[in-house]
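>>> Below is the sequence, then the predicted model.
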Amino acid sequence: MTVNGASTTNGSATTNGSATNGAKPSMPGNKDLDYDVLIIGAGLSGIYSLYRMRQMGLRAKVIEAGSGEGGTWFWNRYPGARFDSESYSYIFSFSQEVLDEWDWSEHFSSQPETLRYCQFLAKKFDLKRDMKFNTRVKSAHFQQTSNSWLTTDETGAQYTSRYLITCMGILNEPTLPNIPGVHNFKGDAFHTARWPSDAAGKLDGKRVGIIGTGATAIQTIQEIVKTVGSLAVFQRTPNWTCPLRNTKISTKEMKEIRESYPEIFQKCLDSYAGFIHLSDTRSTFDLTHEEREAFWEEIYAKPGFSKYLSNFRDIGTDRKANTLYSNFIAKKIRERVNDPEVAEKLIPKNHGFGTRRVPLESGYYEAFNKPNVQLVDINENPIERITEKGIMTKDGELEFDVIIYATGFDAVTGSFRAVDFQGKDGLKLTDQWSESIQTYLGLTVNSFPNMFMVMGPHQMFGNIPRSIEYAVNWISNLIGYAAENNITYIEATPQKMDQWGDHVNECAVGLLANEVDSWMTGVNKNLSHKQKRSIARYNGPAPGYRKKCDDVASRKYSDFTIL
Ligand code: NAP
């Protein structure tokens, strides 16, 4: 990252993931290939990857299924979609011009504004001329005879490239619920991640049912409750959620934010998961009950993830500490929901606070105080099927004009499963990962030479753009190094991949989150294939992750087979 001030000479091995600005390596032996680099996906990862490849003078192309750039922020247009990390910690740091020119209007930017930010980047760096939209990649096969990738899209068009960079996002394959009759409903039905662009006003005054109570549903519910005629929320598992506390950013504030970007990025670099909230180094039990409650009141009153990430160090690992904090949040929920029975249903009982990704809300609990909002606990009153008119539960049929599926994604590996990736000797990535996910640094996979993953499994997720910038810089530096040294083949060794797998598993030991079903542990009960709970993300600290990757670069990538 540019913020840590270190950079290196053109294309040389680097000691960190810093961008090597201005590098212009030539790509030996690629003249018979269509591109030096093919990039799948035009979200933030694809945008920055293309920018870096161009900057290095490489011939790169982005293939994107959507009709425009933006990825997550292109697809997730549901009402109320917005950041729940601070806008200014989410901005890319690589371009001072962008930092100078782009203004955020809210502390937690809405989806339309974030999409505009993505479009702004694409326009500013003239990226769209190398992006092909409305094109879904069907397969990507490694060609052993030429050390290259042959990528085929759904129309049959083919692209050859030395390198393949997957920028497909971790939450990109929406899943519908495995409820019978899901296609029978005669009214409008939308998955939140495929929200139609012409849906505005379609919910006003309507009878709406929504299935799901994850981060997406929570944002949707608190927004649509303002205009719908009635709303039934079908909840299987309640989630711990607390106030976002979003506010507008004034011109004066934006000036101050701009001046403090270096400190903001440094804070993100220093923090566990790339956010501006640093954790409290004390144990929950270092304080008296009164002191603890006072501290929790303080962080609860702050915006964003403070009540999650600025908490005591043992909230995520010590069961007793976690229970105490969960009780504190449960008390807040009870204070906000008028009907005590509804409040109890909204309080999670099968997992502790922060053991699933914590959604942030603005008036979610108050939505259940409205007379036209009904909470259907499907553990008590299970959904039997979707009908032509609505949803049939054990207690009877509820009729709707619109059904919203906020039912999540085939997360992390789902986008890889959607493409037929084949590496050396025709090995399918799905087979390689059938027992457990295997990667090296979350960036590469043995038997899949010259393929790099941005936001692949085993990578730091946390604050996504921070992780993207690091991963893209690291990959770019390696590609630059290869170009300078006439290397055309880069493959992680099986030994290093095994060691990395052990390390990823060690980082997850003791975390309460890994005992709980969620997309973060690879559990999605709607999938037809069997999926065991797995460690899909890197759970160690981001500074430690970066150090490991930097070390590999500083040893001139000797962990790889390079030819
Ligand atoms: P999710 O967290 O996986 O939630 C899916 C919801 O649908 C859960 O409540 C789930 O219940 C329910 N569900 C799924 N299948 C069901 C079925 N067959 N019957 C009944 N209920 C069913 O997905 P999400 O809410 O889309 O969020 C995914 C992630 O996206 C978040 O964790 C977050 O990382 C990200 N996100 C970020 C933002 C932001 O930055 N502002 C906003 C939204 C989302 P169970 O829990 O019982 O499975």
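That came through, no problem.
>>> count of neighbours near whichever residue of the stretch 451-563 of the chain sits closest to the ligand?
Closest to the ligand within the stretch 451-563 of the chain is residue 519: 4.6 Å, counting by CB to the nearest ligand atom. For every residue, glycine as well, the C-beta is placed using N, CA and C. Other residues near residue 519 come to 21 when the count uses other CB atoms under 10 Å.
>>> Residue 60 now?
24.
>>> Contacts only, for it.
35, 36, 37, 38, 39, 49, 50, 53, 54, 130 (CB atoms under 8 Å, 6 or more residues apart in numbering).
>>> got those as TSV, with neighbour count and pLDDT columns?
As requested, these are arranged in TSV below (neighbours: other CB atoms under 10 Å; pLDDT from 0 to 100):
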residue	neighbour count	pLDDT
35	23	97
36	22	97
37	29	98
38	27	98
39	30	99
49	28	98
50	28	98
53	27	98
54	16	97
130	16	98
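>>> Pick the one among these closest to the ligand.
When the contacts of residue 60 are compared against the ligand (criterion: CB to the nearest ligand atom), the nearest one is residue 49, at 21.2 Å.
>>> What helices and strands are in contact with the strand or helix carrying the closest one?
If you go by DSSP states H and E, residue 49 is part of helix 44-55. Contacts defined by 3 or more CB pairs under 8 Å, 6 or more residues apart in numbering; DSSP states H and E place helix 44-55 against strand 35-40, strand 60-63, helix 111-124, helix 464-484.
>>> And the contacts of the next helix or strand after the longest one?
Going back to what we said before, that points to helix 464-484. Downstream of helix 464-484, the next assigned helix or strand under DSSP H and E is strand 490-492. With contacts defined as CB under 8 Å, 6+ apart, strand 490-492 is touched by 424, 439-441, 444-450, 478, 482, 557, 559-562.
>>> Just the endpoints, please. Distance across stretch 421-435?
This stretch, stretch 421-435, spans 17 Å end to end (CA to CA, to the nearest Å).
>>> buried set for that stretch?
421, 422, 423, 427, 429, 432, 433 (16 or more other CB atoms under 10 Å).
>>> sorry, back to before: so which of the contacts of strand 490-492 belong to strands?
560, 561, 562 (DSSP state E).
>>> residues contacting residue 563?
Residue 563 touches 147, 487, 488, 489, counting by CB under 8 Å, 6+ apart.
>>> Please repeat the previous calculation with a cut-off of 10 Å.
Listed by CB atoms under 10 Å, 6 or more residues apart in numbering, the contact set of residue 563 reads 147, 449, 482, 486, 487, 488, 489, 490, 491.
>>> Just the buried ones out of the residues you listed, please.
147, 449, 482, 487, 488, 490, 491.
>>> Please convert those to a markdown table, extending it with pLDDT and distance to residue 188.
Listed next are those as a markdown table, based on pLDDT from 0 to 100; distance: CB to CB, whole Å:
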| residue | pLDDT | distance to residue 188 |
| --- | --- | --- |
| 147 | 97 | 49 |
| 449 | 98 | 46 |
| 482 | 96 | 50 |
| 487 | 96 | 53 |
| 488 | 96 | 51 |
| 490 | 98 | 48 |
| 491 | 98 | 48 |
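>>> OK, contacts around the residue of the stretch 451-563 of the chain closest to the ligand?
Residue 519 makes contact with 170-171, 175, 214, 356-357, 408-412, 414, 536-537, according to CB under 10 Å, 6+ apart.
>>> which of these are close to the ligand?
171, 214, 357, 408 (CB under 6 Å from any ligand atom).
>>> Who wins on neighbours among these?
Going by other CB under 10 Å, residue 408 tops those with 25 neighbours.
>>> Need the phi and psi values for that one.
phi 80, psi -160 (degrees, to the nearest 10).
>>> Tell me, what's the model's pLDDT at it?
At residue 408, the pLDDT value in this model is 97.
>>> chain center to stretch 345-359: distance?
How far stretch 345-359 lies from its chain's middle: 19 Å, per CA atoms, centre = their mean, to the nearest Å.
>>> Between the two ends of it, how far is it?
Stretch 345-359 end-to-end distance (CA to CA) = 17 Å.
>>> So for it, mean pLDDT?
For stretch 345-359, the mean confidence score works out to 97.
>>> In it, which residues are buried?
Buried-residue list, stretch 345-359, by 16+ other CB under 10 Å: 345-348, 351-359.
>>> Filter these down to the ones in helices?
345, 346 (DSSP state H).
>>> Kindly reformat the buried residues of stretch 345-359 as JSON lines containing distance to residue 236.
Below are the buried residues of stretch 345-359 laid out as JSON lines (distance: CB to CB, whole Å):
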{"residue": "345", "distance to residue 236": "11"}
{"residue": "346", "distance to residue 236": "13"}
{"residue": "347", "distance to residue 236": "14"}
{"residue": "348", "distance to residue 236": "11"}
{"residue": "351", "distance to residue 236": "13"}
{"residue": "352", "distance to residue 236": "18"}
{"residue": "353", "distance to residue 236": "19"}
{"residue": "354", "distance to residue 236": "19"}
{"residue": "355", "distance to residue 236": "16"}
{"residue": "356", "distance to residue 236": "13"}
{"residue": "357", "distance to residue 236": "16"}
{"residue": "358", "distance to residue 236": "18"}
{"residue": "359", "distance to residue 236": "15"}
